[in-house]
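Q: build the 3D model from these lines:
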Amino acid sequence: MDINIKELSDELFLTTAKMITELMNYHRKLNNAPKEYWQTDEQSKETLQYWREKGTVYNVFLDNSPVGFFYVRFGGQNVAWLEDIFILEQYRDNGIGKFAIQKLDELMVENKVVAMFVDVIPRNTSAIKLYRECGFDHLNLIQLRKNYDKKLDKNDDIELLGFNFKKY
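A: Here you go, the predicted model:
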């Protein structure tokens, strides 16, 4: 199994945009979001163009076939944000994401990045497990949410640092 990462090429723009649609709608499904909030391929093309302007997109390859991507944004003080990672569903649970993050780690060390941050929604326990296994072990920031559209409210409770919240 040969896994590599390469910066996004123009030839893979549409393929990667479709993966973004899958990623965004995976999150919408995970959160039981109404269909009106689901993302289209056209919106994903715009998203990908924006990402290319603000950061770097890397494709993940398995035996020379694109099976996923990373979106990484770099900031001051030699830090990076892993904004998104996606592996096509049929390739998940085979260690590809973990190995791809290891390749990304090597790239970050080469570029003298001193820390990388990642945000993850509490319901995405498979991502949390992956990030923990890949060394993300410092709690850096807690993001709170207030819903004005009550159909977005959740019922699952979670306790964190002595406070009770709704798990989003």
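Q: please make it C-alpha for all contacts and neighbour counts, starting now.
A: Fine.
Q: and the strands in this structure?
A: 3-7, 56-62, 65-75, 79-87, 115-118, 157-160, 163-166 (DSSP state E).
Q: could you identify which of these is most buried?
A: Mean neighbour counts were compared across the strands of the chain using mean count of other C-alpha atoms under 10 Å; the top stretch is strand 56-62, at a mean of 22.
Q: and it, average pLDDT?
A: What strand 56-62 shows for mean pLDDT is 97.
Q: next: stretch 12-25.
A: 97.
Q: so which bits of it are buried?
A: Across stretch 12-25, burial judged by 16 or more other C-alpha atoms under 10 Å covers 13, 16-25.
Q: measure R73 to Q143 for me?
A: Distance from R73 to Q143, counting by C-alpha to C-alpha, to the nearest Å: 19 Å.
Q: count the neighbours of the nearest residue in space to V113 that is not next to it in sequence for me.
A: Counting by C-alpha to C-alpha, 6 or more residues apart in numbering, N78 is the residue found nearest to V113 once chain neighbours are left out, at 4.8 Å. By the criterion of other C-alpha atoms under 10 Å, N78 has 13 neighbours.
Q: stretch 118-125 spans what distance, first to last residue?
A: Stretch 118-125 has an end-to-end distance of 14 Å (criterion: C-alpha to C-alpha).
Q: dihedrals phi and psi, P122?
A: Main-chain torsions, P122, degrees, to the nearest 10: phi -60, psi -30.
Q: spatially central residue in this structure, please.
A: Nearest to the mean C-alpha position of the chain, by C-alpha atoms, centre = their mean, lies D84 at 2.2 Å.
Q: for the spatially closest residue to it that is not a sequence neighbour, give its distance to F86.
A: Of all residues not flanking D84 in the chain, Y71 sits nearest, at 5.1 Å (C-alpha to C-alpha, 6+ apart). Going from Y71 to F86 by C-alpha to C-alpha gives 9 Å.
Q: tally of neighbours for K35?
A: If you count neighbours by other C-alpha under 10 Å, K35 ends up with 10.
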